[in-house]
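S.K.: I'd like to go over a predicted model; first the sequence, then the structure.
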Amino acid sequence: MAVPVAFFAVFFAYPVAAIVSRGLKTGDSWQFGWIGEVLGRADLQRVLWFTTWQALASTVLTLLIALPGAYVLARYDFPGKKLLRAVVTVPFVLPTVVVGSAFLALLGRGGLLDELWGVRLDTSVWAILIAHVFFNYAVVVRTVGGLWAQLDPRQEEAARVLGAGRFTAWRRVTLPALAPSVAAAALMVFLFTFTSFGVVQILGGPSFATLEVEIYRQTAQLLDLRTAAVLTLVQFAAVGAVLAVHARTVRRRESALKLVDPARTARRPRGWGQWALLGGVLVTIALLVLLPLGVLAERSLDTPGGYGLGYYRALGSVEASGGAFLVAPIEAVLNSLWYALAATAIAVVVGGLAAAALTRRAGRLVRGFDALLMLPLGVSAVTVGFGFLITLDEPPLDLRASWILVPLAQALVGVPFVVRTMLPVLRAVDGRLREAAAVLGASPLRVWREVDLPLVRRALLIASGFAFAVSLGEFGATVFIARPDRPTLPVAVARLLGRPGELNYGQAMALSTILMVVCVVALLLLERVRVRGASRGGAGEF
């Protein structure tokens, strides 16, 4: 636990505490009375209520729509499956400002619904909820589907042989086994929607605001650090309470599972019911995922002179951006790839060590740390970004001019995904396998290499893919610390969207399309490695 504790203490707790103390201190004295004063404001109470209920609604809606997709991609084998798995992950890496813009083009004035049926959903809660499902669909599909694909179907078949119906067997056997993964996915979706920023700001208009939007407004626009600090504490407390309930509830339901090679559980659909389910999932993905992504690609090619590559050619010029960059915007692609690779390495090391430590049942301290690891997903990225600027500027942590600062901020968001993806599989490994290896003389390191690693290799690759994808699309903290001469893709997109002119907007759509393509290629490579790793000694050996 030493490395994860040190990492979070230095790069998360310290910057956040520094920002909060600046907002709640006058000289050397704390002004805790400000908390009651701020929370008594009716406008902020409405913000807190909307933040909570829209996050709950988004989580439930995402689970209902995505769980069938998780089942299909875990248990069915069909042409194009690997490509489809990569495609559904693309929305998750897009900057939220781009997601908001895509749905504004679909649901707003002059959008697809407006042109076809005269219906507008922008500035409504429905646009926010749909965009949240689009953004978080991959979280459920990848997290739940990763474990679902490794569950031995013979356990459910045995229940049916003993007289249980199809639904009863699924409810009594499969659902309890999936419960930790479903809870982990629901938790991540809730945290992302609870702290939603770009989607709500663009689609909600002035009528709707989450805590994250309000913290940004109070900090960047009104310069009211006192109110921002109180709202950060409220967000921190709410997320901490949710994590505590999650850790207490899920841990009681975990048990050792029999995991098998995913290649043995996937099969071609049989019967009209299974083909109908596959067709329904494909239609859902087409409408929910492909249609908004198609809008982005179409707009990147729609130049004033007709369809062409004019916006892409403009990315190679500093002058075309109108002074928004010190370098050509296209350099943001290479910057993002290097930053994402470094952030993934950090997240896998820190998250892997944390998951291994949490596997051992070692008392309340370790269980509490399980919940603390998720806090970066529930704390304002604005707070973290400002915290980096004011704390990591003096020796021995003078990192403001160092390139490593961006990967460190991105890794903060990647670590929880590594932990949540690996932990259910690690805890599902039968402890008797480790004990048998130890009795036969294997050292602890060899036990990990020979027993745990083959069983969790697939989860580790999925966790790496998630960390890489999240790092590519991280925006909230990076926008404050990315150097002007080394912007990332999301920062470049946001700068272009914030400047007037059709050329700037077209370049933003072109960069967003490049980000989509890079993500699809990376995820397809990950799928190729995952399949090879599973076929050369995965869980099937046990």
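M.R.: Noted; the coordinates are in hand.
S.K.: after the strand or helix carrying L461 comes which helix or strand?
M.R.: Counting by DSSP states H and E, the element that carries L461 is helix 453-473. Counting by DSSP H and E, the next helix or strand C-terminal to helix 453-473 is helix 478-481.
S.K.: one step back: can you pull the buried residues of the helix holding L461?
M.R.: 454-473 (16 or more other C-beta atoms under 10 Å). C-beta coordinates here come from the backbone N, C-alpha and C atoms, glycine included.
S.K.: mean confidence for that helix?
M.R.: In this model, helix 453-473 carries a mean pLDDT of 80.
S.K.: Likewise for stretch 415-428?
M.R.: Per-residue scores along stretch 415-428 average to 82.
S.K.: Also stretch 64-76?
M.R.: Averaged across stretch 64-76, the pLDDT comes to 89.
S.K.: Show me which positions of that stretch end up buried.
M.R.: With burial defined by 16+ other C-beta under 10 Å, the residues of stretch 64-76 counted as buried are I65, A66, L67, P68, G69, A70, Y71, V72, L73, A74, R75, Y76.
S.K.: same thing with stretch 433-441?
M.R.: Neighbour count says stretch 433-441 has L433, R434, A437 buried, by 16+ other C-beta under 10 Å.
S.K.: what about the second one, distance to W448?
M.R.: By that I understand R434. Per C-beta to C-beta, to the nearest Å, R434 is found 9 Å from W448.
S.K.: just L405 next, same as before
M.R.: Per C-beta to C-beta, L405 is found 32 Å from W448.
S.K.: Tell me which of those two has more neighbours.
M.R.: L405 (21 against 15; other C-beta atoms under 10 Å).
S.K.: Show the contacting residues for that one.
M.R.: Shown in contact with L405 (C-beta atoms under 8 Å, 6 or more residues apart in numbering): F388, L392, L399, I481.
S.K.: Does the last one touch G385 like I think?
M.R.: So that's I481. Yes: the criterion here is C-beta atoms under 8 Å, and I481 meets it with G385 at 6.1 Å.
S.K.: hang on, isn't T62 packed against V189?
M.R.: Yes: between T62 and V189 there is a contact under C-beta under 8 Å: 5.1 Å.
S.K.: CA atoms only for the helix holding L461, dumped as CSV, please.
M.R.: The C-alpha trace of helix 453-473 is given here as CSV (Å, rounded to 0.1, in the frame of the first residue of the first chain):
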residue,chain,number,x,y,z
LEU,A,453,-1.2,-13.2,-13.3
PRO,A,454,-2.6,-15.8,-15.8
LEU,A,455,-6.0,-15.4,-14.3
VAL,A,456,-6.0,-11.6,-14.2
ARG,A,457,-4.1,-10.9,-17.4
ARG,A,458,-7.2,-10.1,-19.3
ALA,A,459,-8.4,-7.8,-16.6
LEU,A,460,-5.0,-6.1,-16.6
LEU,A,461,-5.1,-5.5,-20.3
ILE,A,462,-8.7,-4.1,-20.1
ALA,A,463,-7.6,-1.9,-17.2
SER,A,464,-4.6,-0.6,-19.3
GLY,A,465,-7.0,0.1,-22.2
PHE,A,466,-9.3,2.1,-19.9
ALA,A,467,-6.4,4.0,-18.4
PHE,A,468,-5.1,4.9,-21.8
ALA,A,469,-8.5,5.9,-23.1
VAL,A,470,-9.2,8.1,-20.0
SER,A,471,-5.8,9.8,-20.3
LEU,A,472,-6.4,10.6,-24.0
GLY,A,473,-9.7,12.4,-23.2
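S.K.: residue ranges with poor pLDDT in the stretch 301-450 of the chain?
M.R.: Low-confidence segments of the stretch 301-450 of the chain, defined by pLDDT under 70, span residues 320-324, 361-368, 371, 378.
S.K.: where along it do the strands fall?
M.R.: Taking DSSP state E, counting those that start in this stretch as the criterion, the stretch 301-450 of the chain contains strands spanning 302-303, 306-307.
S.K.: closest one to A314 among these?
M.R.: strand 302-303 (9.4 Å; C-beta to C-beta).
S.K.: Indicate each strand paired with the closest one and its parallel or antiparallel sense.
M.R.: When pairing is defined by DSSP bridges, strand 302-303 lines up against strand 306-307 (antiparallel).
S.K.: which outside residues touch the strand it pairs with?
M.R.: Identification of contacts with strand 306-307 by C-beta under 8 Å, 6+ apart yields L301.
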